[in-house]
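Novice: pasting the sequence and the predicted model now:
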Amino acid sequence: MNKFEKLYKELKRKYGKPKEQWDLWCKRSKSEKEREEVIIGAILTQRTTWKNVELSLNNLKDRKLISFKKILKLRLNDLANLIKSSGFYRMKAEYLYSLIKFIDKNYGNLKKMKKQKKDKLREELLRLKGIGEETADSILLYALDKSVFVIDEYTKRLAKKKKLSKNFSYNYLQKLFEENLKKDFRLYQDFHALIVIDGKNRVSYRVS
DNA sequence: ACCCAGGTGGCCC
DNA sequence: GGGCCACATGGG
């Protein structure tokens, strides 16, 4: 067992099954609607706490708006106001809208989108405004079941702390994790979730 | 009254 | 390729 596999086991032992948001994000078999919710959350959570994202998601849920088709019918300004609590709400409304529009226009639905090759999808997502590497990979991994390892601040911090690498650029770290783990989107989903849970745990420990 | 959070794009060098 | 700023709300 290598360092990466050991780290996964260690985190799993420490935290068990990922909870809260991760109940849905790591769910083994998702409905179309659940996949849409993951994608909406992936945009909203950029540089924002999950609590604030939840307020927005609940806002949308109360109005039965966790639905790409329905969001496409909203005015950009109304969408922005509904997701206000996630911060950067004007930008995120624009990002979310253009992403949903792209999916609707090019694939029709997520079931069809899922059939596309992951490299092609990644390229397409990265061309959209507001979708960088982390968001693109989160969508690929958690909404489309593609085996790409998501790198975020917590992953970089943990990689430094555990001395897993000397290079902490996104692409290098991603490749490193993928090369040292079995190519399995379920493993990647759980592992990344545990890294975030662990990261938040450390932060709150330090603060309080 | 600060300081921070799963990021991204634009502009500069 | 890296440094710096804008984008904004809610909670410690």
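Specialist: Sure thing, it's come through. Numbers count the residues shown, from 1 in each chain, chains lettered A, B, ... in the order given.

Novice: would you quantify the distance from the residue in chain A that DNA strand B sits nearest to to DNA strand C?
Specialist: DNA strand B sits closest to A:Gly132 of chain A, with a gap of 2.5 Å, by CB to the nearest atom of the strand. (Each C-beta comes from the backbone N, C-alpha and C, glycine too.) As defined by CB to the nearest atom of the strand, to the nearest Å, A:Gly132 lies at a distance of 11 Å from DNA strand C.

Novice: ok, and for the helix or strand of chain A with the lowest mean pLDDT, which residues are buried?
Specialist: Sorting the helices and strands of chain A by mean pLDDT, DSSP states H and E puts helix A:185-207 at the bottom, at a mean of 88. Judged by neighbour count (16 or more other CB atoms under 10 Å), helix A:185-207 contains these buried residues: A:185, A:188-199.

Novice: CA atoms only: put it into CSV for me.
Specialist: Output of helix A:185-207 as CSV, limited to C-alpha atoms (Å, rounded to 0.1, in the frame of the first residue of the first chain):
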residue,chain,number,x,y,z
PHE,A,185,-14.6,7.5,-9.4
ARG,A,186,-16.2,6.2,-6.2
LEU,A,187,-12.8,6.1,-4.5
TYR,A,188,-12.0,9.6,-5.8
GLN,A,189,-15.4,10.9,-4.6
ASP,A,190,-14.9,9.6,-1.1
PHE,A,191,-11.3,10.5,-0.9
HIS,A,192,-11.7,14.1,-1.9
ALA,A,193,-14.7,14.5,0.4
LEU,A,194,-12.7,13.2,3.3
ILE,A,195,-9.8,15.6,2.5
VAL,A,196,-12.3,18.6,2.7
ILE,A,197,-13.9,17.3,5.9
ASP,A,198,-10.4,16.9,7.4
GLY,A,199,-9.4,20.3,6.2
LYS,A,200,-12.4,22.0,7.8
ASN,A,201,-11.8,20.1,11.0
ARG,A,202,-8.3,21.4,11.3
VAL,A,203,-9.3,25.0,10.6
SER,A,204,-12.1,25.0,13.2
TYR,A,205,-9.8,23.3,15.7
ARG,A,206,-7.2,26.0,15.2
VAL,A,207,-9.8,28.9,15.4
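
Novice: wait, which of the buried residues of helix A:185-207 is closest to A:Lys17?
Specialist: Among the buried residues of helix A:185-207, A:Asp190 lies closest to A:Lys17 (CB to CB), at 8.0 Å.

Novice: kindly provide the distance from the residue lying closest to A:Ile197 once chain neighbours are set aside to A:Lys6.
Specialist: Leaving aside its sequence neighbours, A:Ile197 sits nearest to A:Tyr15 (CB to CB, 6 or more residues apart in numbering; 5.4 Å). Remark: distance between A:Tyr15 and A:Lys6 (CB to CB, to the nearest Å) = 15 Å.

Novice: next: A:Ser165.
Specialist: 15 Å.

Novice: which one of these two has more residues nearby?
Specialist: A:Ser165 (15 against 11; other CB atoms under 10 Å).

Novice: does that one sit in a helix, a strand or a coil?
Specialist: Put simply, A:Ser165 is coil when judged by DSSP: H, G, I helix; E, B strand; the rest coil.

Novice: now the one 3 residues further on
Specialist: At A:Phe168, secondary structure determined by three-state DSSP is coil.
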